[in-house]
Each structure stands twice: as C-alpha cells, then as structure tokens.
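Asks: no sequence for this one, just the structure:
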C-alpha cells in the first residue's frame, strides 16, 4: 500500500506513530537506505522522496509513502480505521476513553479532528485528518 503525499518522511513518521509501526529497514545487502539509493543511482536530492514503515511484528502490511507534486484533490475513497476502542461489547465509557486518548495523541502529532460520530448517545468513532488532510477514523 502506498500513500502519495507532499512530504514522505513526515507522513511516514506520523503513520508509524498512529499504527505502532517502525521505519522499514533498507533492503538486504545494504546497511542504510542512503547506501541503497546511491547504489541504485538515485540523486541525493531525491532521497527524501520516499519512505516506508512496517509492522514490527511482521503481521500487518507494510506501507510506503511517495512524494508527488500534486496536492490531494478530493475525499479519500479508501481510508484506514485505527481500532483502539476494543469493540462495541466494551463499556461505552471505556471505549470513549480509549478513543479520546488516541485522538489526543494524534492531534499532538499533527492530525486534526474532522467530526465525532455519536450513536445512541455514545461516541462511536472520530473522523480525523492526517497532517496532509487524508481522512481516517479512530474507532
């Protein structure tokens, strides 16, 4: 999965925090990404045009970020849900605390709250925007 973005390094840093991911290591045979990119003939001024993160447990999919010149134009057709509440079987106060804690953490990292979704008087999820205005939900 790859995100087009304005700043690959910043987006990778944000999403690593949001998902509990880590920076992907360089390909096998290279000690650093810089060494790999130099060996591939990528000019140094393009080295920050891409970034990659991965699940430290190796279970979830890796995510890449690619700097592109055009800005986001419309609502995402695909978005990520950060499932932190434990599900609807969890006490509503506990679910709300878990969602609020993650939202607070992500706002401090540069995200913005777009809207709160309340169902039957209780917080169900929060739609947020990452630092480049891509929609995602904290559920």
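Replies: Good, I have the coordinates. This structure is a prediction, so every number in the text was calculated from the model and none was measured.

Asks: Skipping its backbone neighbours, what lies nearest residue 139 in space?
Replies: Among residues not flanking residue 139 along the chain, residue 125 sits closest, at 4.2 Å (C-beta to C-beta, 6 or more residues apart in numbering). From N, CA and C alone the C-beta is placed, and that goes for glycine too.

Asks: Oh, that last question was meant for residue 47, not what I typed.
Replies: Distance criterion C-beta to C-beta, 6+ apart; nearest residue to residue 47, sequence neighbours excluded, is residue 37 at 5.2 Å.

Asks: Confirm that the one you found sits in a helix.
Replies: Yes. Under DSSP: H, G, I helix; E, B strand; the rest coil, residue 37 sits within a helix.

Asks: Tell me the confidence at it?
Replies: With respect to pLDDT, residue 37 scores 94.

Asks: In contact with it, which residues?
Replies: Residue 37 makes contacts with 44, 46-47, as judged by C-beta atoms under 8 Å, 6 or more residues apart in numbering.

Asks: related to what we said a few turns ago, I'd guessed the residue nearest to residue 139 sits against residue 100; true?
Replies: No. Judged on C-beta atoms under 8 Å, residue 125 makes no contact with residue 100 at a distance of 11.5 Å.
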